[in-house]
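Undergrad: model this:
(chains A and B)
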Amino acid sequence: MEILEGCKDDDPECQKGLYDLYYNYAFKICFRYTRNKEDVLEIINDGYMKIFNKIKGFAYPLDSGHLDAAFQTWMKKIMVYTAIDYLRRKSNRHFYKTTGEDIDRIDTGLLYYTDNLGYNELIEMVRLLPQSYRWVFNLYVIDGYSHKEIADLLKISESTSRSNLVKAKEHLRRMLKKTYEEILIKYN
Amino acid sequence: MRRFSSNITDQELCLLFKEAGEQYQPDHSPDEQEMQWLKLQGELPDRVFAAVQNKRGIYWQRWTTLIVLLLSFLFLDGPDVRSGHWGGSRPGQTEVRHISIGHTGYLTPQPREITQQPIDIARRIAVSLSVVSARSVLSTRPPVWMSPGRAPAVRTPNPEHPDTSRKKKARSRPAKWSIGLVAGTEWSMVEGKSNGRVGPEAGVILQYRFAQRWSVESGVLVADKIYAARPEDYHSPITYAGLYNINARCRVFDVPVNIRYDFLQRGNNQAFISTGLSSFWMQKEEYEYQFTTAGTPQKSERTLYNQNRHFLSIANISAGYEHTWKNLSFQVSPYLKLPLTGIGFGKVRLLSSGVQFSAKISF
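TA: Presented below is the predicted three-dimensional model:
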């Protein structure tokens, strides 16, 4: 589209247009991978910077009807890479950050209970997961990466990726069960 | 209400979350979006150049502030130490003076000088600390006086668009080492006698973090320990008949070696406990002996320099709370020092307890 063309020419108005058009989409991706808002905002801007840099290399799909989807996929990949890069740099600062503390938080019921277990609450559960589980779950289940791709991206082994996924699902199941039980109690 | 069961299959779980990921709507305001755009716009031009400049600036800043801190401490403490060595008393020399009735001064050898110096040091340290921390916190580019040739080339960050690229570069290295300054007050007493006094303390500490919650600390602290001892607590070869009290003021160099465990770590705050051993070097010991001769109270004094050393003979116990911000941290820690052996000329069981305030830089 014209906006993409404009961005390829570094036209600031087109860049703003692109920014606004996909901000929500980018936000939703980054939000899932992080625990606090501040990180999301940093990642979004980092990601957009990369996008504006690399947009010259974005190739239009043959079928123009698929342009939106193709761009979203391309953009999502960049956002995910940026998110992981950023979080990995950030966690290096607190060197050996373990997940022990994080797991306690989940089990002590940091989840607030709602009547309507909506999508937002489900994503909150994902955000509560310890970092490594959260990443693998997001990448595999929601964003559709394979274990091999995940292993390359996170610099872990495929088996670690698989076991992290299993553990992530266990945690989520436990959270779902807990919330479900609370709902039952309320209605009985 | 969502279709839901407590025994959800793997496939259903994955589908549920995949759907959630696509359909959910997180909260974010249009104002926030605008602000983010402005921030991004501010960074788009010259971003690579600015990032390089800022990276160099950070390293410069860290090293110079470190040097300034160390120098200010060393030079400010210099005169007192040197006079102890060269100013008329050689190491090991003692002075004994008799003072007759009526003299009510506590300890004559310049008590003012002694109390003033550490307080002076502590004050100057606090000033240089605040200057340094203000500089490293407030500035977003290398101070002009450090790089006069480069100043015009550095892109001045627009005050409306905070420069975030520098923040990112600064965060990329793990914080293993920290060095900082300590100041505090200490209350010393001899076991059994509660007549203790408060004295100042200041020093430098170095911390090395070798695991997520564990680190080792060492450093050099200077403290004035003021206390009183009963004759039965004071064990020295020379004594006075009719001795009933000893007032003491000792300038001690304390080199601790402690191991610290952070039992609580939440975000930028840590709570810890630490224990270890200290070595004392008694740089100056002043004792005032109060005794009665034929019913008349009298005083006598003894001053010793660099005579007593106690290697790893004091046990340290402390706990504390630390708050980190960027690469700075501030910490408060109450502590206890228990002797494993007799301290000083009188080989007294000298306990010290107090609170330390530290400011550290990590790199």
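Undergrad: which stretches of chain A have low pLDDT?
TA: A:1, A:91-117, A:180-188 (pLDDT under 70).
Undergrad: where does chain B dip in pLDDT?
TA: B:1-7, B:44-175, B:192-195.
Undergrad: that one: strands as residue ranges?
TA: With DSSP state E, the ranges of strands along chain B come out as B:94-99, B:177-190, B:193-209, B:214-229, B:243-266, B:269-293, B:296-325, B:328-339, B:350-362.
Undergrad: can you pull out the helices in chain A?
TA: Ranges of helices in chain A, per DSSP state H, are A:2-8, A:12-33, A:37-54, A:67-93, A:100-107, A:119-128, A:131-137, A:147-154, A:158-187.
Undergrad: quick check on residue A:62: phi, psi?
TA: phi -60, psi -40 (degrees, to the nearest 10).
Undergrad: what's the burial count for it?
TA: Using other CB atoms under 10 Å in any protein chain shown, residue A:62 is surrounded by 8 other residues. Every C-beta, even on glycine, is put in place using the N, C-alpha and C of the backbone.
Undergrad: so how far is residue B:338 from it?
TA: For residue A:62, the distance to residue B:338 equals 80 Å [CB to CB, to the nearest Å].
Undergrad: same deal with residue B:238?
TA: Counting by CB to CB - residue B:238 and residue B:338 are separated by 27 Å.
Undergrad: the two: which is more packed in?
TA: Set residue B:238 next to residue B:338 and count neighbours by other CB under 10 Å: residue B:338 wins out with 15 against 9.
Undergrad: hmm, residue B:353 and the more buried one touching each other?
TA: No. With contact defined as CB atoms under 8 Å, residue B:338 does not reach residue B:353; the gap is 9.3 Å.
Undergrad: give the buried residues for stretch B:199-208.
TA: For stretch B:199-208, the neighbour count (16 or more other CB atoms under 10 Å in any protein chain shown) marks B:199, B:200, B:201, B:202, B:203, B:204, B:205, B:207 as buried.
Undergrad: ugh, typo on my part, it should be stretch A:156-170
TA: A:156, A:160, A:161, A:164, A:165, A:167, A:168, A:169.
Undergrad: pick out whichever of the residues you listed sits closest to residue B:361.
TA: Sorting these by distance to residue B:361 puts residue A:156 at the head of the list, at 33.2 Å, by CB to CB.
Undergrad: show me the contacts for that closest one.
TA: Listed by CB atoms under 8 Å, 6 or more residues apart in numbering or on different chains, the contact set of residue A:156 reads A:132, A:150, A:164.
Undergrad: got a list of what the closest residue to residue B:327 other than its chain neighbours touches?
TA: Of all residues not flanking residue B:327 in the chain, residue B:362 sits nearest, at 5.0 Å (CB to CB, 6 or more residues apart in numbering or on different chains). For residue B:362, the contacting residues are B:175, B:176, B:177, B:178, B:324, B:327, B:328, B:329, by CB under 8 Å, 6+ apart.
Undergrad: ok, now with 7 Å
TA: B:175, B:177, B:178, B:327, B:329 (CB atoms under 7 Å, 6 or more residues apart in numbering or on different chains).
Undergrad: residue A:78 now?
TA: Per CB under 7 Å, 6+ apart, neighbours of residue A:78: A:47, A:50, A:51.
Undergrad: got a quick PyMOL command for the buried subset of the residues you listed?
TA: Buried subset of these, written as a PyMOL selection, criterion 16+ other CB under 10 Å:
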select buried, chain A and resi 47+50+51
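Undergrad: out of the contacts of residue A:78, who's nearest residue B:348?
TA: Distances from residue B:348 to these, taken by CB to CB, are shortest for residue A:47, at 65.6 Å.
Undergrad: contact residues of the stretch 201-350 of chain B facing chain A?
TA: Within reach of chain A by CB under 7 Å from any CB of the partner chain, the stretch 201-350 of chain B has these residues: B:211, B:212.
Undergrad: ok, 10 Å please
TA: Within the stretch 201-350 of chain B, the residues that sit near chain A (CB under 10 Å from any CB of the partner chain) are B:209-214, B:264-268, B:324, B:326-327.
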